[in-house]
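# no FASTA, just this:
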């Protein structure tokens, strides 16, 4: 399974992230961890992938395109590539909300972990 791990760039609780992933998805079923940016949740997802010996892929937008269009295209690639998505969401970041909605519309398995806004 390819698991997309997304959320706030200001979130740094590796223990909670690791526990949430392990409680929601049997680790042995995860082949690849996917993310869409750097810092925060994406960095923690990379740490989780390394700790569990999983493949790690990060999707960065093509900076040659208009930024908004590049982000949308990048998000679409991430959702197309994943089988399931776990979001660490503070209820305020629009990008995270868009990815959650995109995954739900594509009938992906979506888990939302609500976190405190920093």
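Structure received. Being a predicted model, the structure only gives us computed values, none of them experimental.

# what is the rounded mean pLDDT of the top helix by length along the chain?
The longest helix of the chain (DSSP state H) is helix 67-81. Average pLDDT, helix 67-81: 84.

# next, the buried residues of it.
Neighbour-count burial for helix 67-81, counted by 16 or more other Cβ atoms under 10 Å, picks out 71-72, 74-75, 78-79. Glycine gets a C-beta too; all of them are placed from N, C-alpha and C.

# stretch 107-118 now?
Residues of stretch 107-118 classed as buried by neighbour count (16+ other Cβ under 10 Å): 108, 110-113, 115.

# which of those residues sits closest to residue 94?
Residue 94 lies nearest to residue 112 out of these, by Cβ to Cβ, at 14.8 Å.

# ranges for the strands of this structure?
Secondary structure of the chain, counting by DSSP state E: strands at 2-7, 32-35, 55-58, 84-89, 109-114.

# can you tell me what sits against the third one?
Yep, that's strand 55-58 we're talking about. Strand 55-58 has contacts (Cβ atoms under 8 Å, 6 or more residues apart in numbering) with 31-38, 42, 45-46, 49-50, 81.

# mind checking how far that strand is from the chain centre?
Between the centre of strand 55-58 and the centre of its host chain there is 11 Å, according to Cα atoms, centre = their mean, to the nearest Å.

# stretch 45-59: end-to-end distance?
Using Cα to Cα, to the nearest Å, the end-to-end distance of stretch 45-59 comes to 13 Å.

# buried residues in it?
Under 16+ other Cβ under 10 Å, the buried positions of stretch 45-59 are 45-46, 48-49, 54, 56-59.

# can you put the buried residues of helix 67-81 in JSON lines and add distance to residue 93?
Shown next, in JSON lines, are those (distance: Cβ to Cβ, whole Å):
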{"residue": "71", "distance to residue 93": "13"}
{"residue": "72", "distance to residue 93": "15"}
{"residue": "74", "distance to residue 93": "16"}
{"residue": "75", "distance to residue 93": "13"}
{"residue": "78", "distance to residue 93": "15"}
{"residue": "79", "distance to residue 93": "16"}
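
# still on that earlier bit, among the strands of the chain, which is nearest residue 99?
Ranking those by proximity to residue 99 (Cβ to Cβ) places strand 2-7 first, at 5.3 Å.

# good, we can wrap up now.
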